[in-house]
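> sequence and predicted model, in that order:
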Amino acid sequence: MVKFQVNGQTQSFDGDPSMPLLWYLRDELGLIGTKFGCGVALCGACTVHVDGEAARACITAVNDIAGRSVITIEGLDANGNHPVQKAWRALNVPQCGYCQAGQIMQAAALLASNKNPSEEEINSAMSGNICRCGCYQRITAAIKAAATGA
Amino acid sequence: MTLAHAVIENVSRRGFLKGVLATGSLVVAAKFVPPRAALAAYATGAEKMPHGVRSDPHLLVSIAPDGIVTIVAIRSEMGTGSRTSLPMIVADELEADWSRVRVVQAPGDEEKYGNQDTDGSRSLRHHIQPMRQCGAAARQMLETAAAKRWGVDPGEVKGQNHEVVHKASGRKLGYGELAADASALPTPPADQIKLKDANAFRYIGKGTTPIVDLFDITTGRAIYSIDARLPGMKYAIVARPPVFGGKAVSFDADAAMKVPGVEKVVTIEGTPAPAKFQPLGGVAVIARNTWAALKGREALNPTWEDGPNGSYDSTAFKAQLEETARRPGKVVRNDGDTEKALASAAKVVSAEYYIPHSAHATMEPPSATVRIADGKCEAWACVQSPGNTREELAKKLGLKEEDVTVHVTLLGGGFGRKSKCDFVLEAAVLSKAMGGAPVKVIWTREDDLQNGYYHTVSAERIDAGLDASGKVVAWRHRSVAPTIKSIFAADQLHEAPFELGMGFVDVPFDIPNLRCENGEAAAHTRIGWFRSVSNIPHGFAVQSFVAELAKATERDPKEVLLALIGPPRIVDPRKSPDVADFWNYGDPFETYPIDTGRLRRVVELVAEKADWGRKLPPRHGLGIAVHRSFLTYVATVVEAAVDEKGRLSVPRVDTAIDCGFAANPERIRSQIEGAAVMGMSLALYGEITFKKGRVEQGNYDSYRVLRIDESPPVTDVHIVQNGIDVPSSGVGEPGLPPFAPALCNAIFAATGKRIRRLPIGDQLAT
């Protein structure tokens, strides 16, 4: 039995402890905002926060989060109004939208640790998150906007 | 079916909106079939598409007593914005307040909704007129209802901003209050529908309407195919033959069944080529969750019989294609006497280009959920082709189409991959094997890259003859590439008209002796539409070669390009000898001619905006390319920088687009920004290779796509301003073809190195 928190609620799981957090969140809890893209931490679509740090849910086993706290896109802000989410909307970032939850979680983690990242720091922090539609220009702009409150 | 008369039906009585709009709301009841010429300012190919086009308010619009307007989106949303733009056009003509508009997605039903294929960059261009008509008809019915209630002449009232106003008396009635009366009225005859003046548009052409799913996307609530959840749902992972046409010889079902959570192992039959959209076959592991299904598949340990494509080797095939391109092929355009002109030219310039297979690699891999109960099938699927998916599901399951419902979810990327419903048919076969229980099939990234429908592979060769002054007097272009037709029919060795018409036989150059030849090439894997399709290889060859001609004659590439395009005129390939069944993207040439004036204008516009010839740091260079595709003109200037170690960066991209009237400029910008990123992915990394019939790439490490730190920080989009009378044309695809040649031309300007083989890969390494 593994115990941990997801979006502030205590959860326990007695299934296969090697199950990736991604499939646990999606299949067991129904938190489908966390997306599958590659399964091997190459695309960032499954990015969540574990104890405040960005983590790839596809390579994080349920066992690895014992006693820890997970935040998913659904729990980032109760009203969906995290500064990053608001900036994303103000700049119309998404095209298909599929990777965006992972992008937003990665960006939120970046801004939590670096209030005013440079373009280089944004590139470095976001380079693990792929957007096949190619929204990168707007992602950079939205992170800058969220940082400055613009 | 007559086109001359409006057909009036009362929807609330007939229950037409069951399913999509079954909200108990009142419905603006009017079904009309628009007469082609009377209504539309210009003709499009929309009505010639399978099942045609609808502009019927009773199908597409409902208004509830509280005034909430619900509009049906008939096209799939894969990132282009059509799910927003089409309803936005209806809302504008309806004079609805967008904040009180809701959008619902139509299920696959082409008898009812007309053609729903979201492909070919057609959604906006085929629907701007019908959607305007739809909204305007609904508005007029609301106006008529208000005028009746007030006992005034309908000419005295006006629908504006969600209410009808009688200016003389100051009376007003909200749309919600009028919906019941309006729904009982006949639709105005088609020729009496009054469209708004373009000056009065609130949303059309403004680019101020955010996409309808924006909040849901940014909060994780948006539902894609992979997100479907149903009571009792099972999860399936399929082991598919690694070689197209292969099949499983043996597998260890017992080992898979021992994995906790695995419930069943099911064999899926493949279909011999040409297999169209049928599943590849293989062995499925069905389990209580995705993880168990994945582990079960690992335990299967299948052995495969490879079949006829087991020797497919893309390196050997490249040599074969190139060899074919060095010999005469089937003549598909033949102006003047090219052979003679080449023989007598003062100088001949020749070049060969190679463009490999590539994969769509949509962020959401193929996924679908199907359940079958009481002789009815329901599917939740990320498909670009909901109508065809329904038809194929019905055939596969032996059901009537009316007993099959295809719920269209959001698509996590499409790019042509999701025009093929093989993955939905897999889910159907598996649901059936599970007694109809809901089964969700998920493709892993490896499945997606290794079992896809690939962009064709192409060898292109161009020989040009120049006179003593350097003017091009002869142009011979040979294209050799397996055709998409090969998935539909056996023994297809030549490009189809729809492929030849994509930047090859329609080359708009002012050259008296111009010959296009298409050599034979067989397909050894599934070839499918990939965003921009054959425009990618054709455009790459033609636009790279233009810069090569500039080098050969020591002239400016932009000037050479404009000289080749020649004076403003209409180029009509149908008048050229040997051009058969010229493909103008399925639209009338008269509406969408090849207009070299517009082609020149985007070249000139992008050159001006990019400050063509601007001073650059050392090892930087500018490249330019222009391409007409999907009836739209796009020119791109790329600035490339290549450092001493051969590392490439792109500091800036400028793109000019003339897509006729720009209905949603904000989404046009986003499409073009994205096309630069995808174009750079294609140019730099995009390659699927085969050895022994097997794809050698597996995930985003071996099939790389562009990441944020490599992506152009600036893509400026310059939209040619056109009035509403200039027919809107495609946007989703035409941004892509000019990017790779513009980039490679920029690399040449920066380094003197000419890239003729894509991807660029390590060719710049020194």
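Everything's here; your move.
> which parts of chain A are helices?
Using DSSP state H, the helices found in chain A span residues A:21-23, A:83-90, A:100-113, A:119-126, A:136-148.
> list the buried ones in the last one?
For helix A:136-148, a neighbour-count test (16 or more other Cβ atoms under 10 Å in any protein chain shown) marks A:136-147 as buried. For glycine as for every other residue, the C-beta is placed from the backbone atoms N, C-alpha and C.
> which ones among the residues you listed also lie next to chain B?
Among the buried residues of helix A:136-148, proximity to chain B is found for A:136-140 (Cβ under 8 Å from any Cβ of the partner chain).
> where along the stretch 551-700 of chain B do the strands fall?
In the stretch 551-700 of chain B, the strands defined using DSSP state E, counting those that start in this stretch lie at B:570-571, B:594-595, B:620-629, B:632-642, B:648-658, B:690-691, B:694-695.
> same thing with the stretch 201-350 of chain B?
Taking DSSP E, counting those that start in this stretch as the criterion, the stretch 201-350 of chain B carries its strands at B:234-239, B:247-250, B:262-268, B:282-287, B:303-305, B:330-335, B:347-355.
> do the third one and chain A come into contact?
Right, the one you point to is strand B:262-268. No - shown here: strand B:262-268 not in contact with chain A (Cβ under 8 Å from any Cβ), separated by at least 11.6 Å.
> show me how far that strand is from its chain's centre.
For strand B:262-268, the separation from the chain centroid amounts to 35 Å (computed by Cα atoms, centre = their mean, to the nearest Å).
> ok, now the second one?
Chain-centre distance of strand B:247-250: 35 Å, with Cα atoms, centre = their mean.
> direction included, what does that strand pair against?
Strand B:247-250 has the following strand partners under DSSP bridges: strand B:303-305 (antiparallel).
> in the strand it pairs with, what counts as buried?
B:W304.
> state the mean pLDDT of that strand.
Here strand B:303-305 scores 98 as its mean pLDDT.
> how about stretch B:263-280?
Stretch B:263-280 carries an average pLDDT of 96.
> on that earlier part again, as a markdown table, the helices of chain A with mean pLDDT would be great.
Formatted as a markdown table, the helices of chain A follow (pLDDT from 0 to 100):
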| stretch | mean pLDDT |
| --- | --- |
| helix A:21-23 | 98 |
| helix A:83-90 | 98 |
| helix A:100-113 | 98 |
| helix A:119-126 | 98 |
| helix A:136-148 | 97 |
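> for B:R694, find the nearest of those.
Nearest to B:R694 among those is helix A:21-23 (27.3 Å), distances taken as Cβ to Cβ.
> the strands of the stretch 551-700 of chain B into TSV, with extra columns for mean pLDDT and distance to B:V69?
Compiled in TSV, the strands of the stretch 551-700 of chain B are given as follows (pLDDT from 0 to 100; distance: least, Cβ to Cβ, whole Å):
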stretch	mean pLDDT	distance to B:V69
strand B:570-571	98	42
strand B:594-595	98	38
strand B:620-629	98	35
strand B:632-642	98	31
strand B:648-658	98	31
strand B:690-691	98	52
strand B:694-695	98	48
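> what strand or helix carries the closest residue to chain A within the stretch 451-600 of chain B?
The minimum distance from the stretch 451-600 of chain B to chain A, using Cβ to the nearest Cβ, falls at B:R531 (10.3 Å). In the assignment (DSSP states H and E), B:R531 maps to no helix and no strand.
> that one against B:G735, yeah?
No - counting by Cβ atoms under 8 Å, B:R531 does not reach B:G735; the two are 9.3 Å apart.
> quick one, which of the two is more surrounded?
Using other Cβ atoms under 10 Å in any protein chain shown as the criterion, B:R531 and B:G735 rank with B:G735 on top: 33 against 27.
> which residues touch that one?
Contact analysis of B:G735 by Cβ atoms under 8 Å, 6 or more residues apart in numbering or on different chains lists B:634, B:636, B:655, B:657, B:671-672, B:674-676, B:679.
> any chance of those in TSV, with distance to B:R555 too?
Output for these, formatted as TSV (distance: Cβ to Cβ, whole Å):
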residue	distance to B:R555
B:V634	23
B:T636	20
B:T655	24
B:I657	26
B:Q671	33
B:I672	28
B:G674	33
B:A675	28
B:A676	27
B:G679	26
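> which ones among those residues come in contact with chain A?
Under the cut-off given by Cβ under 8 Å from any Cβ, chain A has B:671, B:674-676 from the contacts of B:G735 close to it.
> which members of those residues are the farthest-apart pair?
B:Q671 and B:A676 (10.1 Å).
> which residue does chain B bring closest to chain A?
The nearest approach of chain B to chain A comes at B:G220, 2.1 Å away (Cβ to the nearest Cβ).
> find the residue closest to that residue in space, skipping its chain neighbours.
Using Cβ to Cβ, 6 or more residues apart in numbering or on different chains and skipping the chain neighbours, the partner closest in space to B:G220 is A:G33 (2.1 Å).
> which residues touch the nearest residue to A:Q85 once chain neighbours are set aside?
The shortest distance from A:Q85 to any non-neighbouring residue, by Cβ to Cβ, 6+ apart, is to B:T218 (4.6 Å). Applying Cβ under 8 Å, 6+ apart to B:T218 gives the contacts A:80, A:85, A:88-89, A:94, A:100-101, A:104.
> quick check, nearest of those to A:I130?
Nearest to A:I130 among those is A:Q100, at 11.6 Å by Cβ to Cβ.
> I'd like to know how far that closest one sits from chain B.
5 Å (Cβ to the nearest Cβ, to the nearest Å).
> identify the residues contacting the residue nearest to that residue when sequence neighbours are not counted.
Closest residue to A:Q100 apart from its sequence neighbours, by Cβ to Cβ, 6+ apart: A:P94 at 4.8 Å. Counting by Cβ under 8 Å, 6+ apart, A:P94 makes contact with A:88, A:100, A:133, A:135, B:79, B:211, B:213-214, B:217-218.
> so which residue is smack in the middle of chain B?
With distances taken as Cα atoms, centre = their mean, B:D119 lies nearest the centre of chain B, 4.0 Å away.
> wouldn't that residue be in contact with B:G416 here?
Yes - using Cβ under 8 Å, B:D119 makes contact with B:G416 at a distance of 6.6 Å.
> common neighbours of the two, please.
Joint contacts of B:D119 and B:G416 (Cβ under 8 Å, 6+ apart) are B:384, B:529.
> quick check: domain ranges of the chain?
No chain specified, so I'll use chain A. What automatic domain parsing lists as the domains of chain A is A:2-75, A:83-148.
> look at chain B instead
Looking at automatic domain parsing, the domains of chain B come to B:11-219, B:225-308+B:366-442, B:314-358+B:453-751.
> redo those as a markdown table? Include distance to A:W23.
Formatted as a markdown table, the domains of chain B follow (distance: least, Cβ to Cβ, whole Å):
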| stretch | distance to A:W23 |
| --- | --- |
| domain B:11-219 | 21 |
| domain B:225-308+B:366-442 | 4 |
| domain B:314-358+B:453-751 | 17 |
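> dump the residue contacts of the residue of chain A found nearest chain B.
Using Cβ to the nearest Cβ, the closest approach of chain A to chain B is made by A:G33 at 2.1 Å. A:G33 makes contact with A:72-74, A:101, B:219-221, according to Cβ under 8 Å, 6+ apart.
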